[in-house]
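[1] please find the sequence and the predicted model below.
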Amino acid sequence: MVLGNSLVGYGDKISLENMAIIENLITMSKMEATYEVSDSKDPKAWYHAFTKCMEDLGCFVPDKGYSKYSATSLKVTMDNVMVDIIQAAVEAAKAAIPGASVLSAVTSSTLDALKKEPEAINLLNLESKNAEGVRLSTIPCEQMANGIILIAIGAVDHQGGGKDGGLLFVDWKTSSLDIFHGKSFITFNPVRYAEIKSDIEEYLGVHRKEVLVKRFSRRK
């Protein structure tokens, strides 16, 4: 699923209800981070505001790492970058939650599926690339047998530097290593959502209503 400049991938075990919960948590956290950090040139602050909101909404975020991405190749492709970041997040979480390893497979299958959907990849490309560079995230999600939701977030911010056009995850590459990334491993108990469900849906409902009013007004 393309959610703004984020690619969300679901494992086979997640229920439709929990998909909706994840989408609401991510959407609200992105909106709050954008509100709190209006400077688009400070990706680290935006990322920390995003993960902090996820925590405030009831998620457990044990690691909020953000650093410069290092690669051995001078030709870096975005799909390899995102897979590397997700795998690093998963490796960090394996000791605490053995089931985390499944997120690596979810990431690979999500990217493979995206490459077969021209409309989806064009939309993600449009939302993620701008005049200053690229900002995007890949978010694989799975559900454990006890109902706990597992989420890994790999976020990339590439500002300036040489890049060779093309579509992200297909033929986009860069010779610049000025790529900063965030990686987090998150767990969430859906039972907690019941406590904040009405507040989140009211918050998002107001936003969606404003968006729809603008769209419907174009028909007048």
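    That came through, no problem. Residues are numbered from 1 along each chain as shown.

[2] helices along this protein, start to end?
    Taking DSSP state H to define them, one finds helices in the chain at 16-36, 43-56, 78-94, 102-114, 118-128, 193-217.

[3] count the residues that sit near the closest residue in space to residue 134 that isn't next to it in sequence.
    The shortest distance from residue 134 to any non-neighbouring residue, by CB to CB, 6 or more residues apart in numbering, is to residue 158 (4.4 Å). C-beta here means a position set from N, CA and C on the backbone, and glycine is covered the same way. When neighbours are counted by other CB atoms under 10 Å, residue 158 registers 26.

[4] likewise for residue 135?
    21.

[5] next one: the closest residue in space to it that isn't next to it in sequence from residue 125, what distance?
    Nearest non-adjacent residue to residue 135, counting by CB to CB, 6+ apart: residue 157, 4.9 Å away. Note on residue 157: its distance to residue 125, by CB to CB, to the nearest Å, is 16 Å.

[6] lowest-confidence helix or strand of this protein?
    Sorted by mean pLDDT, DSSP states H and E, the helices and strands of the chain end with strand 173-174, the least confident at a mean of 73.

[7] tell me, what residue is most central in this structure?
    Note on the chain: the residue nearest the mean C-alpha position is residue 137, at 3.7 Å, using CA atoms, centre = their mean.

[8] please name the nearest non-neighbouring residue to that residue.
    residue 155 (4.1 Å).

[9] quick one: residue 120 from residue 136, how far?
    In terms of CB to CB, residue 120 sits 13 Å off from residue 136.

[10] picking up where we left off before, the residue nearest to residue 135 reaches residue 132, doesn't it?
    No: counting by CB atoms under 8 Å, no contact exists between residue 157 and residue 132, whose distance comes to 9.5 Å.

[11] those two: who's more crowded?
    The neighbour comparison of residue 157 against residue 132 (other CB under 10 Å) goes to residue 157, with 24 against 12.

[12] ok, the more buried one - contacts?
    43, 47, 133, 134, 135, 179, 180, 181 (CB atoms under 8 Å, 6 or more residues apart in numbering).

[13] so who does the closest residue to residue 150 other than its chain neighbours touch?
    Ranked by CB to CB, 6+ apart and with sequence neighbours excluded, the top spatial neighbour of residue 150 is residue 142, at 4.9 Å. Counting by CB under 8 Å, 6+ apart, residue 142 makes contact with 10, 11, 13, 14, 99, 102, 103, 106, 149, 150.

[14] farthest-separated two in those residues?
    10 and 99 (15.1 Å; CB to CB).

[15] and the two? Which one has more around it.
    Under the criterion of other CB under 10 Å, the comparison of residue 10 against residue 99 puts residue 10 first, with 20 against 15.
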